[in-house]
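# Kindly return the folded structure for what I paste below:
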Amino acid sequence: MYALFIDNSQANGCRIDDTLVRNQKGQVMHILIASDRDLQTVIEEIESGDPILSWIVPKTAHAGDICILSHMARGLFATAVILTEPHHVPSTDSKGRYSAEIGEINLVDQPLPHSVLAEVFPTWKWPTYPRSYTTVPEDIEGQLWEVIAGSSLDKSGTIDASVSNEGAAQLLIHFARERDAQLVERKKRSVLVTKGKLSCEVCGFDFKERYGDLGAEFCEVHHLKPLAHRSGNEPTMLEELAIVCSNCHRMLHRRGLISIKHLKGLLL
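Residues are numbered from 1 along each chain as shown. This is a model prediction of the structure:
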């Protein structure tokens with residue numbers, strides 16, 4: 001076994017929040033299959049925070065294993081971690097399936113097509129027919145993760161981890177919950193009238209106090225009830241919105257939605 005450390009400062013191709021480690025406990029890497037509906041669900045849920053989703057996994061998977069999500073048309077499009085031990089799910093076939101919860105899901109900035117995988121790993125048969133989940137062979141795990149994390153391939157097919165290509169225009173299609181910008185402005189105006197400033201309700205940070213005129217009337221507005229948890233268009237009251245700074249807003253969503261009160265209690 002070996003340790004595979006991914007430095008977030010160098011992982012240009014992925015939005016990776018935490019170091020993923022393959023350790024002496026036998027932690028391995030799996031590729032899991034996503035349908036069109038699964039892809040839509042992942043994108044919608046990520047916008048509301050760090051989701052935890054139920055997924056079909058190999059019977060041999062274990063909690064803590066690393067996984068990569070694969071879509072037939074997009075290729076490898078997200079990374080995640082298996083959070084629970086697999087449990088049997090009854091199905092029409094004789095073998096049945098196994099399901100587990102996955103979390104720490106991060107979309108890859110540039111999805112990796114299966115055709116590219118087949119060229120980079122010519123002896124690996126899975127990319128030529130990527131229709132079912134698989135456990136990644138140990139001898140290519142490190143190289144595959146470097147490709148996923150944004151490393152570049154030179155003309156010989158080898159990896160140069162110090163170079164990444166950026167700046168190309170791409171057509172991106174995604175689903176987003178409708179937001180009312182005017183509602184956000186009304187919330188900000190209401191707070192300015194009553195309190196005279198837009199200070200973070202968690203840590204008290206005030207952009208104007210810190211940055212002067214550049215930070216005047218700047219803040220982020222947090223939905224106490226995530227839009228992704230709504231079945232459709234629902235009314236939002238000003239009392240259901242909170243003024244927060246950028247850092248606290250990210251922390252509120254980082255491990256699934258937590259309350260303003262709970263995050264205040266975590267402040268050092």
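
# And the residue nearest to residue 263 when sequence neighbours are not counted, what's its pLDDT?
Spatially, and ignoring its direct neighbours in sequence, residue 263 is nearest to residue 202 (5.1 Å; Cβ to Cβ, 6 or more residues apart in numbering). For the C-beta atoms, the positions are set from N, CA and C on the backbone; glycine is no exception. Here the pLDDT value assigned to residue 202 is 96.

# cool, and residue 39?
At residue 39, pLDDT is 90.

# likewise residue 19?
The per-residue pLDDT reported for residue 19 equals 33.

# again with the one 10 residues further on
We note a pLDDT of 92 for residue 29 in this prediction.

# Bridged to it, which residues?
Counting by DSSP bridges, residue 29 forms beta bridges with residue 66.

# Worst mean pLDDT across the helices and strands of this protein, which element?
strand 152-153 (a mean of 38; mean pLDDT, DSSP states H and E).

# returning to what we had before: gap between the residue nearest to residue 263 and residue 262?
Going from residue 202 to residue 262 by Cβ to Cβ, to the nearest Å gives 10 Å.

# which one of those two has more residues nearby?
Between residue 202 and residue 262, residue 202 has the larger neighbour count (other Cβ atoms under 10 Å), namely 23 against 11.

# Pull the contacting residues for the more buried one.
Shown in contact with residue 202 (Cβ atoms under 8 Å, 6 or more residues apart in numbering): 244-245, 248, 251-252, 260, 263-264, 267.

# at 7 Å instead, please
244, 248, 260, 263-264 (Cβ atoms under 7 Å, 6 or more residues apart in numbering).

# Could you report the neighbour count for residue 184?
17.

# Over to it: give its phi and psi.
Main-chain dihedrals, residue 184, degrees, to the nearest 10: phi -60, psi -40.

# Which residue is the nearest non-sequential neighbour of it?
residue 221 (4.7 Å).

# Residue 187 now?
residue 241 (4.6 Å).

# who touches the one you found in this structure?
Under the criterion of Cβ under 7 Å, 6+ apart, the neighbours of residue 241 are 187, 221-224.
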